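Undergrad: structure for the following, please:
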Amino acid sequence: MLIQSGIVRSPLQHNHVSLAHSLSFPAGFPSSAFLRTVRARKPPMVTVRCSISQVHSYGTVDYEGRPPIKWNAVYRRISMMEDPEMGSATVLNQCEKEGKRLTKWELCRVVRQLRKFRRYKPALEVYEWMNNKKERFRTSTTDTAIQLDLIAKVQGIISAENFFLKLPDTLKDNRTYGALLNAYVRAQMREQAESLMEKMRDRGYARNALPFNVIMTLYLNLKDYDKVDLVVSQMEEENIPLDIYSYNIWLSSCGYQGSVGKMEHVFLQMKLDRTINPNWTTFSTMASMYIKLGQMEKAEDCLKKVETRITGRNRISYHYLISLYGGVGLKEEVYRIWNIYKSIFPSISNLGYHTMISSLIRLGDIRGAEQIFEEWLLVKSTYDPRIVNLLMGWYVREGLFEKAKGLFDEMVEGGGKANSSTWEILAEGHIRGKRISEALSCLKEAVLVERSKTWKPKPANICSILKLCEQEGDSGSKDYLVGLLRQTGFLDDEAYEPYIL
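TA: Residues are numbered from 1 along each chain as shown. Next comes the predicted model:
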């Protein structure tokens, strides 16, 4: 399930879509899958290179006597900067001025934690700080691959390409090639991804399932399901064993094609493969597809198998269970899993609350959703607009605009910041009330929100405003809307052409 969210979409990016529908790929295969594999196989010598004695051998004797600093203390200082524009370098320099020793192992651990919580910019800044101190920190291909991944996410795919082209040959291996392939797949750049994949095969960097899984994910996201089948056939011809992720992608592809029979055939093949043990992700993927195809009994049976295969303290598996039981329509099961989840974890993440509230709204249990929302308000550290948006969206759809506006005002007064979707929800409320000027004002705010690059207005809302303008004879507002779309580049989007022409 996480492939789509991991490579292309994150589980956090719901935008009013339930988790069960927005996530339908195998878990455990994030966009940094190449980098995870690298970390898992990293030899212990890397740590030795980062040791005090290694630093001392470079001549920086001062660091030998400095008191150690725990990586999590550095992470907290970076993540809690009052002004993020100061950058990670400011924190790291201050740590050193205070006489604390910073080792490469600790800094890489900080980067790992920042990436875990999608704090890509400060993570990249940590690497840039180390790059400026080459006499102390030796760069490996693993570091380079992670840095390329971060550059793609922070600065864009062109910057990542340029970074890769400038690398010396000693830093170009399966890790860095794999990171660039991941970046192309996230950007859905098909030609570039296919070309790079061929180069990887020519250089012997495609000897296992991982790069094939990535390219299959591209075809899955592009809805080119026949290509997924072709890649599987190619792997079989070249004697490259399918791993658990390969099978899960293949299962998803069959489900999206609407073929229960084909999906079940793949699952049977999976069970016959003695190297593969179907995990909770396999059954949650199948449950999601059964729900999509209206096979609720089979979906419920898969969800029972999911529960028996959860190991360790895996939060995301409970998120899927809550959402998928909601998709099946079993409210009692949603609450049962929620209570188990709360008994296992002392604190619930925003994603957990988002999943639960989203599921209850989908089930029509608005009172329950409001109660969970009130619970979240008591424990939240900061306002997450995505959670507020869930209730606001329901209120607007039910014609309760004042309640939606009330939630918005409470969030702003509490220090929360609306995202683009928040403003568009308010715009939808104004559209329903035939308040053209207010709707346009909200859309303008949505466009102006920082980090709104992934957002674009719903074509249905644009259509509704234009119809209102026509009914009211308001050519000025129509021109304003078209100008706003042109200014933001949305006017070139084919989705809006039928309404603008």
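Undergrad: what ranges do the strands span in the stretch 1-150 of the chain?
TA: Here the stretch 1-150 of the chain has no strands by DSSP state E, counting those that start in this stretch.
Undergrad: show me where it has helices.
TA: Assigned by DSSP state H, counting those that start in this stretch, the helices in the stretch 1-150 of the chain fall at 2-3, 19-22, 33-40, 45-49, 52-57, 71-79, 88-97, 104-116, 120-131, 141-154.
Undergrad: among these, which gets the worst mean confidence?
TA: Ranked by mean pLDDT, those bottom out at helix 52-57, with a mean of 28.
Undergrad: low pLDDT regions in the stretch 251-400 of the chain?
TA: Counting by pLDDT under 70, the stretch 251-400 of the chain contains no low-confidence segment.
Undergrad: quick one: the helices in it?
TA: Listed in chain order, the helices of the stretch 251-400 of the chain (DSSP H, counting those that start in this stretch) span 260-272, 280-292, 296-308, 315-328, 331-344, 350-362, 366-379, 385-397.
Undergrad: model confidence at residue 60, what's the number?
TA: Confidence at residue 60, expressed as pLDDT, is 31.
Undergrad: err, residue 443, not the other one
TA: Per-residue confidence at residue 443 stands at 94 (pLDDT).
Undergrad: could you measure from it over to residue 488?
TA: 10 Å (C-beta to C-beta, to the nearest Å). (Each C-beta comes from the backbone N, C-alpha and C, glycine too.)
Undergrad: neighbour count winner among the two?
TA: Neighbours per residue, other C-beta atoms under 10 Å: of residue 443 and residue 488, the larger number sits with residue 443, 26 against 18.
Undergrad: dump the residue contacts of that one.
TA: Counting by C-beta atoms under 8 Å, 6 or more residues apart in numbering, residue 443 touches 423-424, 427, 457, 461, 465, 481, 484.
Undergrad: what sits closest to residue 459 if chain neighbours are left out?
TA: What sits nearest to residue 459 in space, not counting adjacent residues and going by C-beta to C-beta, 6 or more residues apart in numbering, is residue 495, at 4.8 Å.
Undergrad: roughly how far apart are the one you found and residue 424?
TA: Distance from residue 495 to residue 424, by C-beta to C-beta: 15 Å.
Undergrad: likewise residue 99?
TA: For residue 99, the distance to residue 424 - C-beta to C-beta - is 50 Å.
Undergrad: of these two, which one has the most company?
TA: More crowded of residue 99 and residue 424, by other C-beta under 10 Å: residue 424, with 28 against 12.
Undergrad: quick one, phi/psi of the more buried one?
TA: In this entry, residue 424 is assigned phi and psi values of phi -70, psi -30 (degrees, to the nearest 10).
Undergrad: any idea how far it lies from residue 175?
TA: Note on residue 424: its distance to residue 175, by C-beta to C-beta, is 40 Å.
Undergrad: residue 92 now?
TA: Using C-beta to C-beta, residue 92 is found at 25 Å from residue 175.
Undergrad: now do residue 146
TA: According to C-beta to C-beta, residue 146 stands 9 Å off from residue 175.
Undergrad: more neighbours: which of these two?
TA: For residue 146 versus residue 175, neighbours defined as other C-beta under 10 Å are more numerous around residue 146 (26 against 22).
Undergrad: what distance do you get for that one to residue 156?
TA: Computed as C-beta to C-beta, the residue 146 to residue 156 distance reads 17 Å.
Undergrad: between the helices of the stretch 251-400 of the chain, which gets nearest to residue 409?
TA: Distance to residue 409, taken as C-beta to C-beta, is lowest for helix 385-397 among these, at 10.9 Å.
Undergrad: contacts for the closest one?
TA: Counting by C-beta under 8 Å, 6+ apart, 12, 14-16, 350, 353-354, 357-358, 361, 366, 369-370, 373, 376, 401, 403-404, 407-408, 411, 416-419, 421-422, 425-426, 428-429, 432 sit against helix 385-397.
Undergrad: ditto for stretch 263-280
TA: By C-beta under 8 Å, 6+ apart, the list of residues contacting stretch 263-280 reads 27-28, 241-244, 247, 250-251, 254-255, 282, 286, 289, 305-307, 309-310, 314, 317, 320.
Undergrad: can you select the buried ones from those residues in PyMOL?
TA: To isolate the buried members of these in PyMOL, using 16 or more other C-beta atoms under 10 Å:
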select buried, resi 27+28+242+243+244+247+250+251+254+255+282+286+289+305+306+310+317+320
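Undergrad: out of the contacts of residue 443, who's the most crowded?
TA: Among the contacts of residue 443, residue 424 has more neighbours than the rest - 28 neighbours, counting by other C-beta under 10 Å.
Undergrad: burial measure for residue 445, as a count.
TA: Residue 445 has 17 neighbouring residues, counting by other C-beta under 10 Å.
Undergrad: quick one: contacts for it?
TA: Residue 445 makes contacts with 418, 423, as judged by C-beta under 8 Å, 6+ apart.
Undergrad: what residues of the helix or strand where it lies count as buried?
TA: Using DSSP states H and E, residue 445 maps to helix 436-448. Within helix 436-448, the residues that count as buried by 16+ other C-beta under 10 Å are 436, 439-440, 442-447.
Undergrad: repeat for stretch 231-241
TA: Neighbour-count burial for stretch 231-241 flags 231-232, 235, 240 (criterion: 16+ other C-beta under 10 Å).
Undergrad: in JSON lines, list these along with distance to residue 328 and pLDDT.
TA: As requested, those are exported to JSON lines (distance: C-beta to C-beta, whole Å; pLDDT from 0 to 100):
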{"residue": "231", "distance to residue 328": "31", "pLDDT": "97"}
{"residue": "232", "distance to residue 328": "29", "pLDDT": "97"}
{"residue": "235", "distance to residue 328": "33", "pLDDT": "96"}
{"residue": "240", "distance to residue 328": "36", "pLDDT": "96"}
